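Chemist: let's see this in three dimensions:
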Amino acid sequence: MVIQIEKNIRAEHQSAILEKLKSVGFKAVEVNTQTARYIIGLGKTAVDIRSIGHLKGIRDIHRVTDEFKLVSRKWRVEDTEIDLGDEVKINRQSLSIMAGPCSIESEAQIRTVITHLQANGIRIFRGGVFKPRSSPYAFRGLGIEGLKLFSVLCREAGTCVAQTRDVRDN
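Modeler: Now for the predicted structure:
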């Protein structure tokens, strides 16, 4: 459900809304826009919105049946666009391909992949610098030094945006 709350809602009223959502098995996500404040209620059970809508501090409330409420076309005014820099954008108007090795192992490998991606018009280079192997404590890849090298070589090439993933953060 989408709950629009008053801009200057009192803390105790907002807490009451959050507690009510929790009591009916919903997770609350707070969203602030330039023009309004919302609480998005995420849950799988059917709830009568009248049981929540009467609470103080609520300006408006809507039931949303879409499974992915925060990205539903019913609630998004504009298309999402992700600007990666270097005039590379991921959006609805273009096909974006991201490619690269599972694990970055050497400078020669990075240069070979950049050349291949450029030849095929691919502007987004991705690669792992800390790739787990059979043991959660054994990693392959060049680590932090690989990340730095990866970024420098992509910038030198001038046609690709470097994106990496450090699996240790997951």
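
Chemist: could you list every helix and strand that the helix ranked longest in the chain packs against?
Modeler: Looking across the chain with DSSP state H, the single longest helix is helix 143-157. The criterion is 3 or more C-beta pairs under 8 Å, 6 or more residues apart in numbering; DSSP states H and E, and the helices and strands that helix 143-157 contacts are helix 107-119, strand 124-132, strand 161-166. Quick note: C-beta positions are derived from backbone N, CA and C, even for glycine.

Chemist: just those: most buried one?
Modeler: Mean neighbour counts were compared across the helices and strands packed on helix 143-157 using mean count of other C-beta atoms under 10 Å; the top stretch is strand 124-132, at a mean of 21.

Chemist: show me what that strand is packed against.
Modeler: Here strand 124-132 touches strand 98-99, helix 107-119, strand 139-140, helix 143-157, strand 161-166, going by 3+ C-beta pairs under 8 Å, 6+ apart.

Chemist: what comes into contact with the second one?
Modeler: The contact list for helix 107-119, computed with C-beta atoms under 8 Å, 6 or more residues apart in numbering, reads 99-101, 104, 123, 125, 127, 149-150, 153-154, 157, 159-160.

Chemist: least trustworthy helix or strand in the protein by mean pLDDT?
Modeler: strand 161-166 (a mean of 53; mean pLDDT, DSSP states H and E).

Chemist: hang on, the earlier thing: farthest pair in the contacts of helix 107-119?
Modeler: Distances among those were taken as C-beta to C-beta; the most separated pair is Arg123 and Leu149, at 19.1 Å.

Chemist: thinking again about what came up before, next, the angle strand 124-132 makes with the longest helix of the chain.
Modeler: With axes from the mean of the first three to the mean of the last three C-alpha atoms, to 10 degrees defining the directions, helix 143-157 sits at 170 degrees from strand 124-132.

Chemist: show me how far helix 143-157 is from its chain's centre.
Modeler: Between the mean C-alpha location of helix 143-157 and the chain-wide mean there is a distance of 23 Å, by C-alpha atoms, centre = their mean, to the nearest Å.

Chemist: buried residues in it, which are they?
Modeler: Using 16 or more other C-beta atoms under 10 Å as the burial criterion, the residues of helix 143-157 that qualify are Gly146, Leu147, Leu149, Phe150, Leu153, Cys154, Ala157.
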